[in-house]
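*Asks:* sequence first, then the predicted structure:
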Amino acid sequence: MVKIRKPKKENKEVLPIENTEALNETLSRSEKFINENKNKIFSVIGVVAIILLSFSVFSYLKRTQNITAQEEMFQAVYYYEKDSLVQALNGDGNNYGFLEIIDEYGLSDAANLSKFYAGSSYLKLGNYENAIKYLKDFSSSDLLIQARAYSLIGDAYVEILDFENAISYFEKASNESPNEYFTPSYLLKLALVHEEVNNLESALESYKTVIEDYKDSPEYQLALKNKNRIEGLLL
């Protein structure tokens, strides 16, 4: 006789029945905590909301300003390239100059770049204090442009006979993303200022760097000539 086996019952996890009293007690404690600290909670929520809103407004304003400022900047750059530097700085009555762009669109990248152009314009006009001011306010993630700004600041300091600061900024220019196109000229400037203050050993080191690292540069021959001259003076 065949026995019929009863199917085995599956082992299922039995979930405990919730204790309603414990649940109510937990909810009561939570409600009590919220009531006692609602002012602090609402303050925190308010601060977070203000921060998020401020960031959104700032991002929107910056984006909007940058578009408008770049359009305004076109004519100022045109004047700069024509060496109409006063118009480049101050505008022509219909179009903004760099100074107005800096004042009106301070949040924009165009305003930051306008500081470079303004500083360079003032340098060409012989207004060295303003050149230093605007070029120091400029900053760029493009290391070649940043190095150029440092070099121009060095030029301005040379003009006002502040050789210590000139050396500092030519060193910054030389060390900022070294390359064969611009770095040799910064090193030559650095060497000449070292000579001006009779620091011949440091001048010699700058000339040697040009000779050893930038053999194909236009500055190579002058660096070689000046190196030989300095070595003769140091004998």
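*Replies:* Cool, the structure landed. Numbering: from 1, shown residues only.

*Asks:* please, where are all the helices along the protein?
*Replies:* 20-81, 85-90, 98-104, 109-125, 128-137, 143-159, 163-175, 183-196, 200-213, 220-234 (DSSP state H).

*Asks:* save those helices as CSV, and put in mean neighbour count and mean pLDDT too.
*Replies:* Every residue, glycine included, has its C-beta placed from N, CA and C. Listed next are the helices of the chain as CSV, based on neighbours: other CB atoms under 10 Å; pLDDT from 0 to 100:
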stretch, mean neighbour count, mean pLDDT
helix 20-81, 12, 66
helix 85-90, 19, 97
helix 98-104, 21, 96
helix 109-125, 22, 96
helix 128-137, 19, 98
helix 143-159, 21, 97
helix 163-175, 20, 98
helix 183-196, 23, 98
helix 200-213, 19, 97
helix 220-234, 14, 95
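
*Asks:* which residue is the nearest non-sequential neighbour of residue 176?
*Replies:* Nearest residue to residue 176, sequence neighbours excluded (CB to CB, 6 or more residues apart in numbering): residue 147, at 3.8 Å.

*Asks:* my bad, should have said residue 219
*Replies:* Using CB to CB, 6+ apart, the nearest residue to residue 219 is residue 184, at 3.9 Å.

*Asks:* now that neighbour: how far from residue 223?
*Replies:* With distances taken as CB to CB, to the nearest Å, residue 184 is found 7 Å from residue 223.

*Asks:* between these two, which contacts overlap?
*Replies:* residue 210 (CB atoms under 8 Å, 6 or more residues apart in numbering).

*Asks:* ok, the closest residue to residue 166 other than its chain neighbours - contacts?
*Replies:* Once flanking residues are discounted, residue 166 sits nearest to residue 157: 3.8 Å by CB to CB, 6+ apart. Listed by CB under 8 Å, 6+ apart, the contact partners of residue 157 are 128, 132, 163, 165, 166, 169.

*Asks:* let's have the residues you listed in CSV, adding distance to residue 197.
*Replies:* Output for the contacts of residue 157, formatted as CSV (distance: CB to CB, whole Å):
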residue, distance to residue 197
128, 19
132, 19
163, 5
165, 12
166, 9
169, 15
